[in-house]
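**Student:** Here is my input, please return the structure:
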Amino acid sequence: MHLMRAASHYGWDNLIPPAVTVGSGDELTLDLIESSGGQITRSAVHFDVSTFDLDRVNPVTGPIAVAGAQPGDALAVSILDLDVDDWGWSANIPGFGLLADQFPHAYLALSQIDEAGIHLPFGVRLDRVPMIGTIGVAPPEPGLHPILPPRRWGGNLDVRHITRGSRILLPVGVDGAMLSIGDAHGAMGDGEVCGTGVETGARVRIRVEVVPGRALTAPRYTTDPSSDRVGPAVATTGVGPDLMRASVDAASAMIDEIILRTGLSPVEAYVLASLAGDLKISEIVDGPNWVVSMHMPLRVLEQ
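**Tutor:** Residues are numbered from 1 along each chain as shown. Model prediction:
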């Protein structure tokens, strides 16, 4: 099953009809549009960034209805394969990004992507580490919700570890879950501080599975060794407008995850989280909500 780039939309709304309906355990391939939605091309110049329309960014492919998924369940999405286009763009967009007050002028960097890596126009080569920036399900709240801010239902999480070999669990808010994916990057750092990664189009192959009764307060995921220095890890998230609150939520969810996997007491899990867990700012530019992740090496939990 293959969803083309024409099956895309620009907001989260549980009334958008599904582009396709699949069953739990099914695999499908999605083509993803680069995050500008065509506003940036291979021939773009710095000025094009200054006229950027943020209401047209991050188109997502979908929605995908998953038969049997209902509120109170989780939807597991395994990233089986991910290939990006042969070019990408990065930019300083005026008024956007963590240091927007220090960098008020538009700047555009067009990159070439090949097997050797990502070739930036200012002479730096990066390893190619493709990732999915936006992955989420429809919220139960009515109406059209913007793509950019992440929320407990996923969305523009910009977690660089959601890549080939990873598996993300999303809380289901409506019947069928209504999954959509977009915003691929050739590479990105934790935080995405200037507001962009190496933005590019992509083709992703996924498997979807319903996890009955696995109610979650926010997404969580497992990583592939290639994207995490500590090896395979399980990660929990906190999503919201306050970094401290998001950090508390991510750490609290990790304690629950440790208890679930090991049977340790809550205080033992708390101490273990402090000794072996890594708290990361995954996204700090898509206001009003930010994403904090906590990673725990699976080898620690599987002894």
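**Student:** Which strand or helix spans residue 251?
**Tutor:** helix 243-262 (DSSP states H and E).
**Student:** Which residues belonging to that helix are considered buried?
**Tutor:** Across helix 243-262, burial judged by 16 or more other CB atoms under 10 Å covers 246-247, 249-255, 257-258. (C-beta placed from N, C-alpha, C; glycine too.)
**Student:** before we move on, what about stretch 105-120?
**Tutor:** For stretch 105-120, using 16+ other CB under 10 Å, the buried residues are 106, 108-111, 113, 117-118, 120.
**Student:** Quick check: most distant residue from the centroid of this protein.
**Tutor:** residue 265 (31.2 Å; CA atoms, centre = their mean).
**Student:** show me the contacts for that one.
**Tutor:** residue 259 (CB atoms under 8 Å, 6 or more residues apart in numbering).
**Student:** one more time with 10 Å
**Tutor:** Contact analysis of residue 265 by CB atoms under 10 Å, 6 or more residues apart in numbering lists 259, 271.
**Student:** what does residue 81 give?
**Tutor:** Residues near residue 81 by CB under 10 Å, 6+ apart: 27, 29, 130, 164-165, 203-206.
**Student:** Residue 127 too?
**Tutor:** Going by CB under 10 Å, 6+ apart, residue 127 touches 116-118, 186-187, 226.
**Student:** Out of these, which comes closest to residue 67?
**Tutor:** Of all the contacts of residue 127, residue 226 has the smallest distance to residue 67: 32.3 Å, by CB to CB.
**Student:** Which secondary structure elements does the helix or strand hosting residue 111 sit against?
**Tutor:** Using DSSP H and E, residue 111 sits in strand 107-114. In terms of contacts (3 or more CB pairs under 10 Å, 6 or more residues apart in numbering; DSSP states H and E), strand 107-114 is packed against helix 46-50, strand 87-92, strand 117-119, strand 125-126.
**Student:** out of these, nearest to residue 287?
**Tutor:** Closest to residue 287 of the helices and strands packed on strand 107-114 is strand 87-92 (CB to CB; 16.7 Å).
**Student:** Using neighbour counts, pick out the buried residues of stretch 1-20.
**Tutor:** So stretch 1-20, judged by 16+ other CB under 10 Å, has buried residues 3, 7-14, 18-20.
**Student:** Can I get it in PDB? Just the C-alpha atoms.
**Tutor:** What follows is stretch 1-20, C-alpha atoms only, in PDB (Å, rounded to 0.1, in the frame of the first residue of the first chain):
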ATOM      1  CA  MET A   1       0.000   0.000   0.000                       C
ATOM      2  CA  HIS A   2       1.400   3.400  -1.000                       C
ATOM      3  CA  LEU A   3       0.300   6.900  -0.200                       C
ATOM      4  CA  MET A   4       1.600   9.500  -2.600                       C
ATOM      5  CA  ARG A   5       2.400  13.100  -1.700                       C
ATOM      6  CA  ALA A   6      -1.000  14.300  -3.000                       C
ATOM      7  CA  ALA A   7      -2.600  12.700   0.000                       C
ATOM      8  CA  SER A   8      -1.500  15.500   2.300                       C
ATOM      9  CA  HIS A   9      -3.100  18.100   4.600                       C
ATOM     10  CA  TYR A  10      -2.000  21.200   6.600                       C
ATOM     11  CA  GLY A  11      -3.700  20.800  10.000                       C
ATOM     12  CA  TRP A  12      -4.900  18.300  12.600                       C
ATOM     13  CA  ASP A  13      -8.700  17.800  12.400                       C
ATOM     14  CA  ASN A  14     -10.500  14.600  13.400                       C
ATOM     15  CA  LEU A  15     -13.100  15.300  10.600                       C
ATOM     16  CA  ILE A  16     -10.600  15.000   7.800                       C
ATOM     17  CA  PRO A  17     -11.600  11.700   6.000                       C
ATOM     18  CA  PRO A  18      -8.900   9.000   6.000                       C
ATOM     19  CA  ALA A  19      -6.800   8.600   2.800                       C
ATOM     20  CA  VAL A  20      -6.700   4.900   3.500                       C
END
